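Engineer: How does the following fold in three dimensions:
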Amino acid sequence: MSSLTIVIPTRERCDTLPFTIKTCVSQDYHKLTILIVDNFSHDNTSDVVSGFSDKRIRYVNSGRRLGMSANWELALREVDSDYVMFLGDDDGILPGAVSELMGIVAGHGSVDAITWPSVDYGWPSCPNGMLKNSLVIPLKRGLQQRQSSRILSDVISFKRPYSELPFLYKGMVGMGAVERLRSSSGGNVFHSMIPDVYFGIASCAIIENYFHSFRSFTVNGASSHSNGTAIFSGAKSDENGAQHLFLSEDNIPFCSALNYCPSIPVLITESLIQAKSRLSALEPFEVDIDGTVLAAVEQARRAEPDTFQLVISALRTLPQETALRPATRRALEQATNQPFFPTERVYGEDIFSRRYIVNCEEFHVTDVFSASIIAECFLKLHADNQLSTVTSFKNVVRLVARELIKRRGRFQC
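Structural biologist: Numbering: from 1, shown residues only. Next up is the predicted model:
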């Protein structure tokens, strides 16, 4: 029976952390360690942790404030198990997920990594108005073996999300693979200020094949604390906000060929550049700055105005040594902001994206632990074909009506 460590890096999140821990201690797997790595919090985080009596919990305090990548590095050095998974301190893991994941390992022998899509949950404090108090549950099922090099090619050309790479954050990776990466990288695992994206790309240098489950095992919680939500939702950041704190940390410098901005294509390419400089196995994967800029412009076009301005400004002020083709510069200069036309959330089954969207207020869900239970219930109902056909039909009508509104707004632009 293989062992697993769930690492929860945290910093002053005592309001959301207990619910994240609760999803972990509710797991029925005994060879599990729940490692809480406290990045020198000044709230009552330690009291929250000590309030749990589960012997599988370990608590480590960094003793001083660290950048995100350094804190993750500290966490990995504390892991003593066969597999490791990182979970945010406002995220959660679904009931019974660890047993299912370890069952996949047991059934397939040597497994370097398993990835999956997360359920998305918007806490009441979520700055993203569309996601707030909602639960978005992917309904696909199945298990697929994947070749890392093929997925990486798709990711760096922006055809797939980076979370489909062999992933440490809300994904599971063998510690043998982690140590091979550490050895190949000169002692440290992380060499970018965006550790989750970097690991996904760098891991392809040492992981040849891995498994991707279409069934969700974790909940991606979006709260006022979330770095990703703050950066990509268009929400303005105050001096104490998650984005400001992240950028003000003593972190690994962003690569000199690019400027940091809230753009997934830019973050992917930055991590690729950093990884290629240390891992010879990634030499065949070319860096495409022009493709990155064009993808970033297209993504920013539909973003909120504040995010659009940040991205376009960062792209227009790239270092002089970062030469762009004339066509790319024209696309950049002519970029215009056309945010999506605002529409109301349609709850129920979304047949277009094969997801089920739950109104959390209807179920009195206000935390990620409750969200994890509701999500697992819906997944079981769907697996047993017990979601109402009538409800699904009504939802199709609502979705088609919403699509007409969206297209009408698009044409008006």
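Engineer: Any stretches of this structure with poor pLDDT?
Structural biologist: Applying pLDDT under 70 to the chain picks out residues 228-248, 388-398, 400-401, 403-413.
Engineer: which residues in the stretch 1-150 of the chain form strands?
Structural biologist: Counting by DSSP state E, counting those that start in this stretch, the stretch 1-150 of the chain has these strands, from start to end: 4-10, 32-38, 57-61, 83-86, 92-93, 113-115, 119-122, 134-138, 143-147.
Engineer: Helices along the stretch 51-200 of the chain, start to end?
Structural biologist: 68-77, 97-108, 148-156, 175-184, 195-202 (DSSP state H, counting those that start in this stretch).
Engineer: Surely Glu361 is in contact with Asn133?
Structural biologist: Yes: using CB atoms under 8 Å, Glu361 makes contact with Asn133 at a distance of 5.3 Å. All C-beta spots, glycine's among them, are computed from the backbone N, C-alpha and C.
Engineer: neighbour-wise, which of these two wins?
Structural biologist: Per other CB atoms under 10 Å, whichever of Glu361 and Asn133 has more neighbours is Asn133, with 20 against 12.
Engineer: Contact partners for the more buried one?
Structural biologist: By CB atoms under 8 Å, 6 or more residues apart in numbering, the contact set of Asn133 is 122, 124, 126, 359-361, 365.
Engineer: Tell me which two in those residues are the farthest apart.
Structural biologist: Largest separation among the contacts of Asn133 by CB to CB: Cys126 and Asn359, giving 13.9 Å.
Engineer: Make TSV from the contacts of Asn133 and add distance to Glu321 to it.
Structural biologist: Below are the contacts of Asn133 laid out as TSV (distance: CB to CB, whole Å):
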residue	distance to Glu321
Gly122	41
Pro124	46
Cys126	40
Asn359	51
Cys360	49
Glu361	52
Val365	50
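Engineer: ok, so of those, who is nearest Leu101?
Structural biologist: Here the nearest of the contacts of Asn133 to Leu101, counting by CB to CB, is Val365; it sits at 24.0 Å.
Engineer: so who does the closest one touch?
Structural biologist: By CB under 8 Å, 6+ apart, the contact list for Val365 reads 133, 135, 358, 371, 374.
Engineer: Please name the bridge partners of Val119.
Structural biologist: Val219 (DSSP bridges).
Engineer: And it, how far from Glu100?
Structural biologist: 14 Å (CB to CB, to the nearest Å).
Engineer: neighbour-wise, which of those two wins?
Structural biologist: Shown here are Val119 and Glu100; by other CB under 10 Å, Val119 has more neighbours (29 against 14).
Engineer: any idea how far the more buried one is from Ser134?
Structural biologist: Val119 is 11 Å from Ser134, by CB to CB.
Engineer: Please apply the same query to Ile93.
Structural biologist: On the measure of CB to CB, Ile93 and Ser134 end up 19 Å apart.
Engineer: Kindly report the same for Ile114.
Structural biologist: Separation of Ile114 from Ser134 (CB to CB) stands at 26 Å.
Engineer: do the same with Gly63
Structural biologist: Going from Gly63 to Ser134 by CB to CB gives 38 Å.
Engineer: returning to what we had before: want to throw the strands of the stretch 1-150 of the chain into JSON lines with distance to Asn44?
Structural biologist: Shown next, in JSON lines, are the strands of the stretch 1-150 of the chain (distance: least, CB to CB, whole Å):
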{"stretch": "strand 4-10", "distance to Asn44": "12"}
{"stretch": "strand 32-38", "distance to Asn44": "11"}
{"stretch": "strand 57-61", "distance to Asn44": "13"}
{"stretch": "strand 83-86", "distance to Asn44": "23"}
{"stretch": "strand 92-93", "distance to Asn44": "21"}
{"stretch": "strand 113-115", "distance to Asn44": "34"}
{"stretch": "strand 119-122", "distance to Asn44": "24"}
{"stretch": "strand 134-138", "distance to Asn44": "28"}
{"stretch": "strand 143-147", "distance to Asn44": "41"}
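Engineer: Pick the most deeply packed of those.
Structural biologist: Among those, ranked by average contacts under mean count of other CB atoms under 10 Å, first place goes to strand 92-93 (a mean of 28).
Engineer: Ala253 reaches Met193, doesn't it?
Structural biologist: If you look again at residue 253, you'll see it is Pro, not Ala. Yes: Pro253 is within contact range of Met193, at 7.4 Å (criterion: CB under 8 Å).
Engineer: neighbour count winner among those two?
Structural biologist: Looking at Pro253 and Met193 with other CB under 10 Å, you find the greater number of neighbours at Met193, namely 24 against 9.
Engineer: I figured that one was touching Ile252, is that so?
Structural biologist: Yes: under the criterion of CB under 8 Å, Met193 is in contact with Ile252, at a separation of 4.7 Å.
Engineer: Now do the shared contacts for these two.
Structural biologist: Listed as contacting both Met193 and Ile252 by CB under 8 Å, 6+ apart are 67, 69.
Engineer: what sits against Gly171?
Structural biologist: Neighbouring residues of Gly171 by CB under 8 Å, 6+ apart: 85, 113-116, 163.
Engineer: residue ranges of the helices in the stretch 201-350 of the chain, please?
Structural biologist: Remark: helices assigned in the stretch 201-350 of the chain by DSSP H, counting those that start in this stretch are 227-232, 242-248, 264-276, 289-301, 305-316, 326-333.
Engineer: could you measure the nearest residue to Asp367 once chain neighbours are set aside against Glu100, distance?
Structural biologist: Counting by CB to CB, 6 or more residues apart in numbering, Asp367 lies nearest to Phe19, which is 4.2 Å off, once chain neighbours are set aside. Distance of Phe19 to Glu100, given as CB to CB: 21 Å.
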